[in-house]
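Enquirer: got a predicted model here, sequence first, then my questions.
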Amino acid sequence: MRLRERFLKSGLQGFHDYEVIELLLALNTPRKDCKQSAKLLLKRFKTFQAVLEAGPESLCEIQGVGPLNSLGIRLIKEVADRYLEARIISKDVVQNPKDLIAYLRQIIGHKTKEVFAGIFLDAKNRVLTSKILFTGTLTTSSVYPREVIISALQHNAAAVIFAHNHPSGDVEPSKSDIQITKDLFFALKYAGIILHEHMIIGNEGFYSFAAQGLISKFNIEFEEHK
């Protein structure tokens, strides 16, 4: 009750990470003391974000955590994802990318594996939907332009923004990242679809291919090769 009363009085201000987790665990088991389990979760997964990203099986491996009281953790992550996605749907994220960056940080920024996401836009650069396209170590052989184009056409997209995460936190693009982006830019261009941006998302920062001039460079190279 002490955590609930504190939360009702002043929100999460002053809460330690383990106390937030404890409160989430207690949502479905209000008569159970979840403090020790919350601390064990943080010890196992290292960060608050990693606890939220953990799957149900991994959560239940911790002493005192079962399917019922782990529901709060899983629910809050899904609710946060949906809330942030709702903030970008039907909005022009090319001109105003702030909400998009917040969404991408939530969705992929803290994953322990690399994932490659596509944000599909209409002709006015309003978000139609977003989708995780590939999971795992990203190389030129694991990201398939044909599948990307099929997804874009299925969503009637006129333009696309790509994003992937670097679990290391270093957002500088590798040679493979640059080559993948160039290959996708050319493939989409031939299909009449615009690639506006590719972002690399880290735990805190991000790298923008457009801001660094790489998207413009690919466009010049495309025009020269036509």
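Expert: Received the coordinates, thanks. No experiment lies behind these values; they were computed from the predicted model shown.
Enquirer: show me the domain layout of the chain.
Expert: For the chain, automatic domain parsing gives the domain ranges 2-78, 89-225.
Enquirer: what helix or strand is residue 161 located in?
Expert: Element membership of residue 161 [criterion: DSSP states H and E] is strand 159-165.
Enquirer: how about residues contacting that strand?
Expert: 93-94, 100, 104, 108-109, 111, 114-123, 125, 138, 148, 152, 177, 181, 184, 188, 193-202 (C-beta atoms under 8 Å, 6 or more residues apart in numbering). (C-beta placed from N, C-alpha, C; glycine too.)
Enquirer: stretch 27-44 too?
Expert: Residues contacting stretch 27-44 (C-beta under 8 Å, 6+ apart): 17-19, 21-22, 25-26, 48, 51, 54, 59, 61-65, 68-69, 71-72, 75.
Enquirer: just stretch 78-87 next, same as before
Expert: Against stretch 78-87 from outside (C-beta under 8 Å, 6+ apart): 52, 99, 102, 103, 106, 107, 130.
Enquirer: between the residues you listed, identify the one with the most neighbours.
Expert: In terms of neighbour count, residue 103 stands highest of the contacts of stretch 78-87 at 27 neighbours, by other C-beta atoms under 10 Å.
Enquirer: not counting sequence-adjacent ones, nearest residue to that residue?
Expert: Spatially, and ignoring its direct neighbours in sequence, residue 103 is nearest to residue 84 (4.2 Å; C-beta to C-beta, 6 or more residues apart in numbering).
Enquirer: so the one you found versus residue 15, what's the distance?
Expert: Per C-beta to C-beta, to the nearest Å, residue 84 is found 21 Å from residue 15.
Enquirer: where's the nearest residue to residue 167 once chain neighbours are set aside relative to residue 58, distance?
Expert: Distances taken as C-beta to C-beta, 6+ apart put residue 112 closest to residue 167, at 5.4 Å, once the chain neighbours are dropped. Remark: distance between residue 112 and residue 58 (C-beta to C-beta) = 11 Å.
Enquirer: show me which of these two is the more surrounded one.
Expert: More crowded of residue 112 and residue 58, by other C-beta under 10 Å: residue 58, with 16 against 10.
Enquirer: contacts only, for residue 24.
Expert: 72, 73, 76.
Enquirer: ok, residue 107 next?
Expert: By C-beta under 8 Å, 6+ apart, residue 107 lies in contact with 81, 84, 85, 117, 130.
Enquirer: my guess is the last one contacts residue 120. True?
Expert: Yes. When contacts are counted by C-beta atoms under 8 Å, residue 130 is listed as touching residue 120 (7.1 Å).
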